[in-house]
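Peer 1: Below is the sequence, then the predicted model.
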Amino acid sequence: MTFLSKAITAFGGLLLAHACYSAREHTALQSLRAATAASLTSTPTVATSLPVDIILETIISTFVILLGLVLGTRPLRPIEWRVWAGKIEREGEEGFTDNSGAVDKDFMGNPFSAFESRPNFVDIRKQRREFAEWVQKGGSEATRYYAGSTR
C-alpha cells in the first residue's frame, strides 16, 4: 500500500470509530431517558432510531475505507495464460510491479518455461531445417540418403 491509500484508510477508520462511538452514546442516552421516563410515568416510551447524521457518517466512512483499500491494491494480473505469458515476454519482471514500484512477491516468471526447457520438447521443423543445412554443407553419404527420404 502506498502512503496515500494508508492515510485514506486510516481516516476512514477514524470516521467509522467515531460513528460507532456516537451510536453507542446515543443508545445509552436513549436507554437512560427511557428508564427515567418509566420511573416517572407508567406508560412505556417508544425507542427512537439512530439519527440521520450518525447513519450518514457510518456509510460515508465505509466508502472512504473502501476507497483507501482499492487504491492500495496492486494491479490485477491477466486471467488468460497466453496474455500473461505475452506480458512476461514483452515486459519481464517490470510488468509485474506493485504500486510502490517493487516487483510482486508472487511473480513466478514465464509459466511456460517448464514446457520449453524439457528435453522431450522438440521443434521438428527447426531440426529438419538444421539437418537440411548440414546436408547442403557436405554431410556424409548416409545423411544425404536420409535427407532425401524426409522431403
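Peer 2: Received, thanks. Since the structure is predicted, the reported quantities are computational estimates derived from the model, not experimental observations.
Peer 1: just so I have it, where are all the helices in this structure?
Peer 2: 3-40, 52-71, 81-91, 113-117, 124-136, 141-149 (DSSP state H).
Peer 1: quick one, what contacts L15?
Peer 2: Counting by Cβ atoms under 8 Å, 6 or more residues apart in numbering, L15 touches E57, I60, S61, V64. Just so you know, the C-beta spots here come from the backbone N, C-alpha and C atoms, and that holds for glycine as well.
Peer 1: mind giving me TSV with those and columns for neighbour count and distance to V83?
Peer 2: Converted to TSV, those look like this (neighbours: other Cβ atoms under 10 Å; distance: Cβ to Cβ, whole Å):
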residue	neighbour count	distance to V83
E57	18	43
I60	14	38
S61	20	37
V64	19	34
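Peer 1: follow-up on the earlier one: lowest-confidence stretch among the helices of the chain?
Peer 2: With a mean of 54, helix 141-149 has the lowest mean pLDDT of the helices of the chain.
Peer 1: count of neighbours near L67?
Peer 2: 15 (other Cβ atoms under 10 Å).
Peer 1: Sorry, slip of the keys, the one I care about is L50.
Peer 2: By the criterion of other Cβ under 10 Å, L50 has 14 neighbours.
Peer 1: what's it in contact with, if anything?
Peer 2: So L50 contacts A23, H26, T27 (Cβ under 8 Å, 6+ apart).
Peer 1: please redo it, this time with the cut-off set to 6 Å
Peer 2: Shown in contact with L50 (Cβ atoms under 6 Å, 6 or more residues apart in numbering): A23.
Peer 1: and the gap between it and A34?
Peer 2: Distance, L50 to A34, using Cβ to Cβ, to the nearest Å: 15 Å.
Peer 1: mind giving me JSON lines with the contacts of L15 and columns for distance to I79?
Peer 2: What follows is the contacts of L15, written out as JSON lines (distance: Cβ to Cβ, whole Å):
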{"residue": "E57", "distance to I79": "38"}
{"residue": "I60", "distance to I79": "33"}
{"residue": "S61", "distance to I79": "33"}
{"residue": "V64", "distance to I79": "30"}
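Peer 1: out of the residues you listed, what pair is the most spread apart?
Peer 2: E57 and V64 (10.3 Å; Cβ to Cβ).
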